[in-house]
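[1] My questions are about this predicted structure, shown below with the sequence.
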Amino acid sequence: MRTWVEWLLLIPTIGGSVYAILSLLSVIRFRMRPVSSSRTTFASWPPVTILKPICGLEKNLRTNLRSACLQDYPEFQVVFSVQNKTDPAIPLLRELQQEFGTARIAVAVDDSQTAANGKIKNLLGALPYARYDILVISDSDVLLKPDYLKAIVAPLADPKVGCVCTLYKAVGAETWFEKLELLTLNADNMISIVFAHVTGASQFCLGASTALRRPNLKEIGGLEALASYLVEDHEMGRRICASGKRIAIVPYFVETMVDLKSPSEWWRHQTYWDQNTRAAQPVGFFGTVIIRSVPFALLFAALRADLVCVAIVAAALLVRLSTTAVILGWGFGDREGLRALPLLPVRDVAALASWFLAFIKRTVTWRGKEFTLTRDGRLVARNTPS
């Protein structure tokens, strides 16, 4: 019996190490690809509206929002949106509106929307203020470089492209639990996304940085059709592909700020990310158990104390840490991730626990509100005592 269990534990140990090497090869291929210029280009840059949904004062918020207003782009508008009149970010939004002018910035305050998904609820309030047909959705915690709009809008010159996304990497981690969050995003989520993109394993849409045309959004049912989904960007991408359009991924990184107040908030985030993945791709998420090399190597070692288990744990750690170091440092230019790399085994062990919890936990908390998660990935508001 013990021997059988040991062999069972070796499957994800070996599988995870093989996946780490394949991920490294995918990132190398991604980086070495020539930057292809599409034959279809805009005769002149079309006007763009950037939608920035905001909820409260976050770390680095002023800098993040100002970066959206400082784009090297001929004609664009920025819509900052909040859901209620008491949001503490409103004074900052008014200051920025005064600095850049009402022609550049609109501030939407709308508490009338009823969407279960908080981000979509926010965007529904912003959309009536959008003047232009090309919409760029950019999360409030994202920092944009001046060339961002040109990078994300350019692929929309091809009418076959229904949606454009950029990649992202987390920055600004200060505490140990923020560094664990950074590793979840950069050393796990983003590596999986690049792997899926290069191999064609799955289609995806990254909601933190997305551009699309208003007619294409209307064609898939508008934002209203996404309002009840936990992973609204996955559902948007699925509908765009179903409409016959394709999703373009730009080899361009934006930065997203890590902002956590406590270890318990980090743990909720860790579980939340896994619930997102399970809701979007339940079969694929279940299969990820066979690529978790470090925690299963440690479980293998717990069953036997000899040189074999030491060698297996050492090999699993070596492959995981070395491939991730190359990916973060050379592939993503992520110096923060490299400095946090000693915490990666801790994150990987915690990730196995949150993976299991994502299957049994049926509630999701967003901005203090609790929802029940249905089997098809929809959110249902929970009854709360009055």
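    In hand now; what should we look at?

[2] So residue 272 is in contact with residue 364, correct?
    Yes - between residue 272 and residue 364 there is a contact at 6.7 Å, judged by C-beta atoms under 8 Å. Heads up, the C-betas are built off the backbone N, CA and C, glycines and all.

[3] between those two, which one's more packed in?
    Between residue 272 and residue 364, counting by other C-beta atoms under 10 Å, residue 364 is the more crowded of the two (21 against 16).

[4] do you know how far the more buried one is from residue 375?
    13 Å (C-beta to C-beta, to the nearest Å).

[5] do residue 84 as well
    The value you get for residue 84 to residue 375, if C-beta to C-beta is used, is 32 Å.

[6] do the same with residue 3
    37 Å.

[7] looking at it, residue 5 is touching residue 302, isn't it?
    No - if you go by C-beta under 8 Å, residue 5 and residue 302 don't touch, sitting 10.6 Å apart.

[8] quick one, what contacts residue 375?
    Taking C-beta atoms under 8 Å, 6 or more residues apart in numbering, we find residue 375 in contact with no residue.

[9] Over to it. Which of the three states is it?
    Under DSSP: H, G, I helix; E, B strand; the rest coil, residue 375 falls in the coil class.

[10] roughly how far apart are it and residue 227?
    Counting by C-beta to C-beta, the gap from residue 375 to residue 227 is 18 Å.

[11] and if you look at residue 304?
    In terms of C-beta to C-beta, residue 304 sits 52 Å off from residue 227.

[12] So the two - more neighbours on which side?
    residue 227 (22 against 14).

[13] So for the more buried one, what's the nearest residue that isn't a sequence neighbour?
    Spatial nearest neighbour of residue 227, excluding adjacent residues (C-beta to C-beta, 6 or more residues apart in numbering): residue 115 at 3.5 Å.

[14] Test for you: state the pLDDT assigned to the one you found.
    According to the prediction, residue 115 has pLDDT 84.

[15] And the next helix or strand past the strand or helix carrying residue 217?
    Residue 217 is located in helix 214-219, with elements delineated by DSSP states H and E. Next in sequence after helix 214-219, counting helices and strands by DSSP H and E, comes helix 232-242.

[16] Please spell out which residues along that following helix are buried.
    Within helix 232-242, the residues that count as buried by 16 or more other C-beta atoms under 10 Å are 232, 233, 234, 235, 236, 237, 238, 239, 240, 241.

[17] Next, the nearest residue to residue 9 once chain neighbours are set aside: secondary structure please.
    Excluding the flanking residues, the one nearest residue 9 by C-beta to C-beta, 6+ apart is residue 300, at 4.3 Å. Judged by three-state DSSP, the three-state class of residue 300 is helix.

[18] Pull the contacting residues for residue 300.
    6, 9, 10, 13, 309, 312, 313.

[19] so what's the fourth one up against?
    Which is residue 13. Going by C-beta under 8 Å, 6+ apart, the list of residues near residue 13 reads 293, 296, 297, 300, 312, 316.

[20] Tell me which helix or strand the fifth one sits in.
    Meaning residue 312. helix 307-326.

[21] quick one on the thing from earlier: would you list the buried entries among the contacts of residue 300?
    So, of those, 6, 9, 13, 309, 312, 313 end up buried under the neighbour-count rule (16+ other C-beta under 10 Å).

[22] does the fourth one really touch residue 301, like I thought?
    It refers to residue 309. Yes - under the criterion of C-beta under 8 Å, residue 309 makes contact with residue 301 at 3.9 Å.

[23] Quick one: low-confidence residue ranges for the stretch 251-386 of the chain.
    By pLDDT under 70, the low-scoring segments of the stretch 251-386 of the chain are 366-368, 382-386.

[24] In contact with residue 257, which residues are there?
    Residues counted as contacts of residue 257 (C-beta under 8 Å, 6+ apart) are 58, 59, 60, 64, 141, 142, 143, 170, 171, 172.

[25] Go through those and say which is closest to residue 27.
    residue 170 (16.7 Å; C-beta to C-beta).

[26] Regarding that closest one, what is its secondary structure?
    strand.

[27] Now do the strands in the stretch 51-200 of the chain.
    With strands called from DSSP state E, counting those that start in this stretch, the stretch 51-200 of the chain shows them at 76-82, 105-109, 134-138, 142-143, 161-171.

[28] Measure how the last one sits relative to helix 232-242, angle-wise.
    Using axes from the mean of the first three to the mean of the last three C-alpha atoms, to 10 degrees, the direction of strand 161-171 lies 150 degrees away from that of helix 232-242.

[29] Adjacent strands (with direction) for strand 161-171?
    Strand 161-171 has its sheet partners listed here by DSSP bridges as strand 209-213 (antiparallel), strand 246-257 (parallel).

[30] Ok, which of those comes nearest residue 69?
    strand 246-257 (15.2 Å).

[31] And the closest one, what's buried?
    Applying 16+ other C-beta under 10 Å to strand 246-257 flags 247, 248, 249, 250, 252, 253, 254, 255, 256, 257 as buried.

[32] got it, and stretch 56-65?
    Applying 16+ other C-beta under 10 Å to stretch 56-65 flags 58, 60, 61, 64, 65 as buried.

[33] Look up how far residue 42 lies from residue 134.
    Distance from residue 134 to residue 42, by C-beta to C-beta: 10 Å.

[34] shared neighbours of the two, which are they?
    residue 153.

[35] hmm, back to that, nearest to residue 204, of the contacts of residue 300?
    residue 13 (27.2 Å).

[36] To which secondary structure element is the closest one assigned?
    Using DSSP H and E, the element containing residue 13 is helix 2-32.
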